[in-house]
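Peer 1: Okay, predicted coordinates and the sequence, questions at the end:
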Amino acid sequence: MSDYNLIINGEKVTTGETFPVINPATEEVLAECPKASADTVDQAVAAARAAFPAWAATPDEQRSSLIHAIADKLAEHQGELMQLLTLEQGKPAAGFANLGAGFEFGGTLAWCHATADLVMPVEVIQDNDDARIEVHRKPLGVVGSITPWNFPLLIAIWHIIPALRSGNTVVSKPSEYTPLTTLRAIEIMNEILPPGVLNSVAGAGDVGAAIANHADINKIVFTGSTPTGKKIMESASGNLKRLTLELGGNDAAIVMPDTNVAEAAPKIFATALINNGQVCAALKRLYVHEDIYDELCEALAAIASSVTTGDGSGDVDFGPVQNKAQFDKVCALAEDARASGARFLTGGEPLPGAGYFFPVTIVADIADDTRLVQEEPFGPILPVLKFSDVEDAISRANDSTSGLGGSVWSADVAAATAIASRLECGTAWVNNHAMIQPDAPFGGVKQSGIGVEFGRYGLEEYTSIQTLQISKS
Ligand code: NDP
């Protein structure tokens with residue numbers, strides 16, 4: 001039995017099987033989660049399909065106000081949802097720079113309200129004596145949402161809300177590592193929505209694969225790793241599903257010699273270590289001009305030495321790495337960097353005892369070809385690299401198969417903006433990194449993904465165009 005429920009056609013569904021969800025701070029079983037089978041996925045898709053015509057025909061303003069109502073209903077459950085986030089994901093309620101569970105919850109409400117207010121008006125291309133030509137946006141049908149474990153609530157909202165706003169129905173599958181907050185949020189959202197409009201299933205990669213393969217799903221929105229994104233793209237070809245893929249990033253930042261180190265260091269630290277570094281668009285490769293290299297390294301090390309890592313249920317800056325596989329990867333990247341002769345300014349070893357705790361680790365004098373620089377660490381470890389020539393820094397920053405975000409830091413904003421525009425990435429920041437907002441499109445180039453999320457551009461990805469041509473002669 002489980003205290004958590006899948007929701008299909010507005011009903012709580014228990015399945016015969018469950019799987020354990022681990023608290024990463026204690027490594028103990030936090031709860032049993034109902035496990036979906038291929039049949040369960042079929043039922044969820046059938047419910048979403050049946051609900052689609054009425055939801056697509058619901059007046060736009062009504063869908064908008066229901067989404068505002070969802071945000072208000074979630075807000076009533078803030079305490080419960082934030083506590084679940086801490087227990088299953090590991091993040092503290094407040095955490096470093098207030099970027100913990102409260103930040104995720106605040107973002108959830110902000111994205112709901114902002115997306116509820118988006119509109120996609122009919123565009124008139126031509127209106128003369130010959131013809132009137134209008135461009136309409138139509139919902140696609142059933143959207144399959146597959147989400148990861150770093151922001152279990154916020155990323156689910158990023159997928160579900162624009163899909164619903166534009167008239168689609170949804171089947172959502174959270175990560176097997178962090179299903180509980182998402183399932184509970186979907187249960188709460190179903191108090192507002194008509195039955196079948198939003199359904200949930202849970203399980204491991206095979207459940208995700210069943211969604212990606214499903215012949216009656218019209219679009220997949222996926223956030224996760226590049227290898228899984230590629231598998232989903234293959235599966236989607238069966239019925240030409242539309243895709244939005246938000247995959248990994250290995251974001252570079254270039255810090256110019258005129259940067260005010262005292263001002264920039266805390267911002268660089270926060271944007272690299274947000275969510276314990278488990279963020280697709282966190283700053284992950286820091287290229288610093290040789291004139292200020294030592295000063296910035298020292299400033300980052302001083303901040304890293306002052307923060308605490310521990311059980312997110314307590315008053316700490318950073319919680320554990322979310323799961324064992326990711327923890328092992330961070331440990332392996334640290335070991336490899338140490339073997340390469342890199343200089344560890346802080347951290348470098350996992351903390352003793354239970355829980356997937358790895359302290360904030362700043363690594364200097366590290367070569368470009370080490371694994372820590374080449375691979376996305378997705379954890380609390382930051383390599384700091386030196387450059388003397390900005391052209392060299394740009395080419396090293398761009399020497400990556402991923403291209404999600406990038407940034408340039410300098411007192412000369414115009415010069416920094418010119419350099420930022422040469423970075424091969426979906427979002428380039430000047431004097432900041434990892435900052436996103438509900439009205440600005442966000443997505444990756446190269447192998448960081450396909451399509452964008454957020455704002456009008458993101459909303460349009462949940463629609464197809466119907467051109468309406470009315471002849472007048
Ligand atoms: P995955 O890409 O494997 O997991 C993300 C989601 O995809 C989960 O819900 C997962 O299910 C599901 N999934 C797994 N296999 C399939 C499949 N064949 N078809 C459909 N869905 C599937 O990420 P990992 O958890 O393995 O993390 C690995 C790396 O991914 C990290 O080190 C990091 O680099 C990157 N990552 C990027 C994120 C981002 O925000 N872009 C977020 C998380 C990770 P289940 O978990 O139940 O197996």
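Peer 2: Arrived safely, thanks for sending. Keep in mind the model is a prediction, meaning the values are calculated, not measured.
Peer 1: Can you name the residues of this protein that neighbour the ligand?
Peer 2: 146-150, 173, 175-177, 204-205, 208-209, 212, 223-225, 228, 231-232, 246-248, 280, 326, 329, 376, 378 (C-beta under 6 Å from any ligand atom). (Glycine included, C-beta is placed from N, CA and C.)
Peer 1: now those residues: which count as buried?
Peer 2: Buried by 16 or more other C-beta atoms under 10 Å: 146-150, 173, 175-177, 208-209, 212, 223-224, 228, 232, 246-248, 280, 326, 329, 376, 378, out of the residues of the chain next to the ligand.
Peer 1: From those, which land in strands?
Peer 2: Of these, the ones assigned to strands by DSSP state E are 146, 173, 223, 246.
Peer 1: Now pLDDT too, for these, in CSV please.
Peer 2: Output for these, formatted as CSV (pLDDT from 0 to 100):
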residue, pLDDT
I146, 98
K173, 98
T223, 98
E246, 98
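Peer 1: can I get those in JSON lines with distance to G312?
Peer 2: Converted to JSON lines, those look like this (distance: C-beta to C-beta, whole Å):
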{"residue": "I146", "distance to G312": "25"}
{"residue": "K173", "distance to G312": "24"}
{"residue": "T223", "distance to G312": "22"}
{"residue": "E246", "distance to G312": "25"}
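Peer 1: farthest-separated two in those residues?
Peer 2: K173 and E246 (15.2 Å; C-beta to C-beta).
Peer 1: which residue packs closest to L286, ignoring adjacent ones?
Peer 2: Residue nearest to L286 in three dimensions, not counting chain neighbours: V384, with 4.8 Å by C-beta to C-beta, 6 or more residues apart in numbering.
Peer 1: Downstream of the helix or strand harbouring the one you found, the next helix or strand is which one?
Peer 2: Using DSSP states H and E, V384 sits in strand 381-387. Next along the chain after strand 381-387, taking DSSP H and E as the criterion, comes helix 390-398.
Peer 1: Pull that next one out as PDB, backbone CA atoms only.
Peer 2: Coordinates of each C-alpha in helix 390-398 appear next as PDB, following Å, rounded to 0.1, in the frame of the first residue of the first chain:
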ATOM      1  CA  VAL A 390      39.800  36.200 -24.900                       C
ATOM      2  CA  GLU A 391      39.700  34.600 -28.300                       C
ATOM      3  CA  ASP A 392      41.100  31.400 -26.800                       C
ATOM      4  CA  ALA A 393      38.500  31.600 -24.000                       C
ATOM      5  CA  ILE A 394      35.700  31.900 -26.500                       C
ATOM      6  CA  SER A 395      36.900  28.900 -28.500                       C
ATOM      7  CA  ARG A 396      37.400  26.800 -25.300                       C
ATOM      8  CA  ALA A 397      33.900  27.800 -24.100                       C
ATOM      9  CA  ASN A 398      32.400  26.800 -27.400                       C
END
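Peer 1: measure the residue of the chain found nearest the ligand to N260 for me?
Peer 2: Of all residues in the chain, G208 sits closest to the ligand, at 2.2 Å by C-beta to the nearest ligand atom. Note on G208: its distance to N260, by C-beta to C-beta, to the nearest Å, is 45 Å.
Peer 1: likewise A281?
Peer 2: From A281 to N260 the distance is 24 Å (C-beta to C-beta).
Peer 1: Tell me which of these two has more neighbours.
Peer 2: A281 (26 against 12; other C-beta atoms under 10 Å).
Peer 1: Longest helix in the protein, please.
Peer 2: Counting by DSSP state H, the longest helix found in the chain is helix 38-57.
Peer 1: which residues touch that one?
Peer 2: 6, 8-9, 13, 15, 36, 63, 138-139, 141-142, 144, 164, 167-171, 194-197, 199-201, 207, 210-211, 214, 216-217 (C-beta atoms under 8 Å, 6 or more residues apart in numbering).
Peer 1: what does stretch 389-401 give?
Peer 2: 226, 250, 252, 254, 256, 285, 287, 289, 368, 385, 387, 406, 419, 422-424, 446-447.
Peer 1: Which members of the residues you listed occur in helices, if any?
Peer 2: 226, 419.
Peer 1: from the contacts of stretch 389-401, which would you call buried?
Peer 2: 226, 250, 252, 254, 256, 285, 287, 289, 385, 387, 406, 419, 422-424, 446-447.
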